[in-house]
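Colleague: From the sequence below, what's the structure:
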Amino acid sequence: MLLLRKLPGMPGWPAALGLRLPQKFLFLLFLSGLLTLCFGALFLLPDSSRFKRLFLPRRAAAAAAGDPDLPRSPPAAAEPRHASPAAPRRLRDKLRAAARLGAPPAHTAASAGGSPQQVQPGAGGAEAGTDSAPAAPRQTRAPFGFDYETFRRSLRHPVLGRGGGEEPETRARRLKIREMMKFAWDNYRRYAFGKNELRPLTKNGHIGNMFGGLRGATIVDALDTLYIMELGEEFQEAKSWVEKSLDLNVNGEASLFEVNIRYVGGLLTTYYLTGEEVFKSKALELGEKLLPAFNTPTGIPRGVINLGSGMSWSWGWASAGSSILAEFGTLHLEFLHLTELSGNPVFTEKVMNIRKVLNRIEKPQGLYPNFLSPVTGNWVQHHVSIGGLGDSFYEYLIKSWLMSDKRDTEAKKMYNDALEAIEKHLVKKSAGGLTYIAEWRGGILDHKMGHLACFSGGMIALGAEQAAEEKKQHYMDLAAEITHTCHESYARSDTKLGPEAFRFDSGTEAVATRLSERYYILRPEVVESYLYMWRLTHDPKYRQWGWEVVKALEKYCRVEAGFSGIRDVYTTTPSHDNMQQSFFLAETLKYLYLLFCDDDVLSLEDWVFNTEAHPLPVNHTNLKAKASVQ
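Modeller: Next up is the predicted model:
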C-alpha cells in the first residue's frame, strides 16, 4: 500500500512513533481492519446512494439499483442443465428468474393502469454472491397477475361464436377444411412430431435454421387453429408437448421476426383462448430472450439473435448491415401484450422507440424504404415494397390502432400517411384494368406484385372501415380491386393457385414471367384478403373464391402424407417441394375455415390477427393486469 511505503531519506512512520515490533504488528492489524470495515460499509449504503456509485463499477451499481436499461446477461438457459440449484447466481440472473415467474421487476410494480410504482430497495432478491440459500426477500407487493376472468368478460362475443342458422353447404365446406387440418396435423404427428415442419414426400421432419434451436414450430403455430376447429384431442397433444418438451434453453441463430410472430404470437393467443398459464409463462420467457436484439445505438433491433448468448447481428444478405422494415416493424402487437401480461414496461418501450426513430427520419416521397441502419438510423437503400421486406409493417400500423380500441392515434396517422403515399406513387392500373401495387426502387417503378403483397386487400378494407366518411367507399373499392387482381393471379394459372410473384409488363398481366417466380408454397395472403372482404361486405364471391382454393389444394398439393408446396403453378403435373410449412396450419387453413364460419367466431370486434394469423384481443376497457398490495 502507498500509505505504508517509505519515503526516500525518511524512516518508516511506525518506527518514528517509537513502537516496538509487537506494537507495530498490532497497529498495522488494527489499521487494516479499520480500512476493511470502512470499505465494507459502502455495500450497506442504500441502493440509491450517490456515494456508493462512486466506488462500484457502473454495471454493478446499475444492477444493484435494478436499472431497467442495463444490457441483459446471457439467459439462465445458458447454464449447464446439471448445475446445482444452490449454485450462486448473479443478482441480475435472480431478478430475471423472478420475472419469468411473474414477479414484478425490483424497481417497479405495475398498477392496474400500467404505471410504475415505487418498491422498497431490496425487494428483488438476496445479496449477490452468497453461497448459502438466500433469505426470503422482503416483499411489499404481491406478484403481478393478469385478471383472466375479467378479460374474458370484456369480450363482446363468444370466442367460438353462438352457432346455428348456417346453410348446409357452408357447414359442409367448413367441415372439409377441418378434415384437411386434421390430415395435415396427423401426418405431422406421425412423421415429424417435435420437429419444426413436416417433409411429406420423404415422411420425415425438418428443423431449418430460422428458429435458433427452438423446436416444434408447427405445434406452436397450430395450437390456436386446433382449438378454434374444436379438434380437442389434437389440441391436448399439442399442449402436452409445449408443457413437457418446448425447451427455450437453446443456443442458436434465430430470426427475431419469425420467432416473434410464430412462437410468441402463438403462445400468447393460446393463453388468451384457454387461460392456461403454461402458454403465458413460455411466451414471457421467450420474449425476454428477444430483448438483447434491441441493444443497438438507435434501439432498432437487429434481425438475427442467439437465444442463448443474447448476441445479435444483421442478416448477411441485408444491405450494409441493415435491419428490415417488415421485421422490426412487426413486433408491436405481441410486445404490447407481453407488457400487459407481465407488467414489465420494457417490451412496450422497445417498440415505441422504433416509432420514434421512424417518425424522426425523413421519408422519400412519404414512403418507407425497406432497409434501415440500426447504427445510424438512416435508410440504406430506397427500395419500397408492400410485399416482401415491407409488408407487415403497414399491417401492424392499422392493427395497432384497432387493438388499442382506436386510442392509438399515432399508429392511425402513420398508417394514413403511408397509405396516401403508397396510393400516390405505387398503386397502378394495367391496360386490362387490373389494379396492382408496384415496387419502387429509388424512383423507378418495378411493375411486379408479390404474393406476399396480396394481404393488402384485406388491410385496406380494415382501414376503410375507419376512414373519413368521404374516403370509406374509395378505400373499400381499392381493397376490392386489389383482391380481384390477386384472385386473377390464381385464376390465370393452370392449377388455380397463385405464383410467388406476378407482373404487369411486356403485354402480360397477373402472371409470373420468370421461372423463379412460378412456385406456390401454401401461402395464405390471398385467402386472408378473401376473409376480410367477406366479413366486411358479405359478397358471396369471396366464399366462392376461397372454395376454389380448397379444391386446388386438394388436387395439387395434397400428397400421401400431408400437403406440399409446388414448384410451378402453370402445369397440372406439378413437382412438389416436399415441405408442409407451419404457416399452412397457422394461417391458410385457419383463414379458409373462418371464411365459412359465422362472423362472431373470433369476431373482428374482439380480436386482431397478427401477421401469422394468431388472434390477439382488442383492449376494450384499457384492461391491464393488476398488482395488489400485501
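
Colleague: Please report phi then psi for Ala501.
Modeller: phi -150, psi 150 (degrees, to the nearest 10).

Colleague: neighbours of it, just the number please.
Modeller: As a burial measure, Ala501 scores 22 neighbours (other CB atoms under 10 Å). (Glycine included, C-beta is placed from N, CA and C.)

Colleague: residues contacting it?
Modeller: Shown in contact with Ala501 (CB atoms under 8 Å, 6 or more residues apart in numbering): 387, 448-451, 512, 514, 517.

Colleague: Please pick the buried ones from the residues you listed.
Modeller: 387, 448-451, 512, 517 (16 or more other CB atoms under 10 Å).

Colleague: the helices in the stretch 451-600 of the chain, which residues?
Modeller: Along the stretch 451-600 of the chain, counting by DSSP state H, counting those that start in this stretch, helices occupy 456-464, 469-491, 525-537, 540-552, 582-583, 589-595.

Colleague: And the fifth one, what does it pack against?
Modeller: This means helix 582-583. When contacts are defined as 3 or more CB pairs under 8 Å, 6 or more residues apart in numbering; DSSP states H and E, helix 582-583 packs onto helix 217-228.

Colleague: Look up how far Lys555 lies from the spatially most central residue of the chain.
Modeller: Closest residue to the average C-alpha location of the chain: Asn260 at 2.6 Å, with CA atoms, centre = their mean. Taking CB to CB, to the nearest Å as the measure, Asn260 falls 35 Å from Lys555.

Colleague: likewise Lys471?
Modeller: Relative to Lys555, and taking CB to CB, Lys471 is found at 41 Å.

Colleague: Looking at those two, which is more packed in?
Modeller: A count of neighbours by other CB under 10 Å puts Lys471 above the other of Lys471 and Lys555, at 16 against 13.

Colleague: pLDDT score for the spatially closest residue to that one that is not a sequence neighbour?
Modeller: Residue nearest to Lys471 in three dimensions, not counting chain neighbours: Ala464, with 7.5 Å by CB to CB, 6 or more residues apart in numbering. On the pLDDT scale, Ala464 is placed at 96.

Colleague: Contacts only, for Ala464.
Modeller: Per CB under 8 Å, 6+ apart, neighbours of Ala464: 471-476, 478-479, 536.

Colleague: again, 10 Å this time
Modeller: 398, 419, 471-480, 536 (CB atoms under 10 Å, 6 or more residues apart in numbering).

Colleague: Equivalent analysis for Lys203, please.
Modeller: Counting by CB under 10 Å, 6+ apart, Lys203 has contacts 187, 190-192, 559-562, 578.

Colleague: ok, of the contacts of Ala464, which one's closest to Arg543?
Modeller: Nearest to Arg543 among the contacts of Ala464: Leu536, at 13.3 Å, using CB to CB.

Colleague: Without its sequence neighbours, what residue ends up closest to the closest one?
Modeller: Here the residue nearest Leu536, using CB to CB, 6+ apart, is Ala461, at 5.1 Å.

Colleague: Mind naming the longest helix for the protein?
Modeller: Longest helix in the chain by number of residues (criterion: DSSP state H): helix 168-192.

Colleague: now it and helix 217-228, what's the angle there?
Modeller: 150 degrees (axes from the mean of the first three to the mean of the last three CA atoms, to 10 degrees).

Colleague: what angle separates helix 168-192 from helix 540-552?
Modeller: Interaxial angle, helix 168-192 versus helix 540-552 (the same axes, to 10 degrees): 40 degrees.

Colleague: what pLDDT, on average, does the following helix or strand past helix 168-192 get?
Modeller: Once helix 168-192 ends, the next helix or strand along the chain (criterion: DSSP states H and E) is strand 197-199. Average pLDDT, strand 197-199: 98.

Colleague: what do you get for stretch 488-504?
Modeller: 98.

Colleague: Pull the distance from that stretch to the chain's centre.
Modeller: 30 Å (CA atoms, centre = their mean, to the nearest Å).

Colleague: counting contacts, what elements does the one helix or strand Leu290 maps to pack onto?
Modeller: Here Leu290, judged by DSSP H and E, is contained in helix 277-290. Secondary-structure packing of helix 277-290 (3 or more CB pairs under 10 Å, 6 or more residues apart in numbering; DSSP states H and E): helix 91-100, helix 217-228, helix 232-245, strand 253-255, helix 265-274, strand 304-306, helix 332-342, helix 346-360.

Colleague: nearest to Ser489, of the ones you listed?
Modeller: Closest among the helices and strands packed on helix 277-290, using CB to CB: helix 217-228, at 25.2 Å.

Colleague: now the angle between helix 265-274 and the closest one, please.
Modeller: Using the same axes, to 10 degrees: helix 217-228 against helix 265-274 is 20 degrees.

Colleague: helices and strands around helix 217-228, which ones?
Modeller: Using 3+ CB pairs under 10 Å, 6+ apart, helix 217-228 is in contact with helix 168-192, strand 197-199, strand 204-206, helix 232-245, helix 265-274, helix 277-290, helix 582-583, helix 589-595.

Colleague: if you set the cut-off to 6 Å instead, what comes out?
Modeller: Where contact means 3 or more CB pairs under 6 Å, 6 or more residues apart in numbering; DSSP states H and E, helix 217-228 is packed against helix 232-245, helix 265-274, helix 582-583.

Colleague: Now render those helices as JSON lines, adding distance to Leu214.
Modeller: Formatted as JSON lines, those follow (distance: least, CB to CB, whole Å):
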{"stretch": "helix 232-245", "distance to Leu214": "11"}
{"stretch": "helix 265-274", "distance to Leu214": "11"}
{"stretch": "helix 582-583", "distance to Leu214": "12"}
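
Colleague: Any chance of a markdown table for the ones you listed, columns mean pLDDT?
Modeller: Formatted as a markdown table, these follow (pLDDT from 0 to 100):
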| stretch | mean pLDDT |
| --- | --- |
| helix 232-245 | 98 |
| helix 265-274 | 98 |
| helix 582-583 | 98 |
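
Colleague: Need these in CSV (columns: mean neighbour count and distance to Leu29).
Modeller: Converted to CSV, the helices and strands packed on helix 217-228 look like this (neighbours: other CB atoms under 10 Å; distance: least, CB to CB, whole Å):
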stretch, mean neighbour count, distance to Leu29
helix 232-245, 15, 59
helix 265-274, 26, 60
helix 582-583, 26, 69
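
Colleague: Would you mind saying which of these lies nearest Ser506?
Modeller: Short answer: helix 582-583, nearest of the helices and strands packed on helix 217-228 by CB to CB, at 32.0 Å.

Colleague: just how off-centre is that closest one within its chain?
Modeller: Taking mean C-alpha positions (CA atoms, centre = their mean), helix 582-583 and its chain are 15 Å apart.

Colleague: likewise stretch 376-394?
Modeller: The answer for stretch 376-394 is 18 Å, by CA atoms, centre = their mean.

Colleague: tell me how far the ends of that stretch are from each other?
Modeller: End-to-end distance of stretch 376-394 (CA to CA, to the nearest Å): 23 Å.

Colleague: go on, stretch 152-167?
Modeller: 29 Å.

Colleague: Tally up the residues packed near the residue lying closest to Tyr263 once chain neighbours are set aside, please.
Modeller: Once flanking residues are discounted, Tyr263 sits nearest to Val220: 5.3 Å by CB to CB, 6+ apart. Close neighbours of Val220, defined as other CB under 10 Å, add up to 32.
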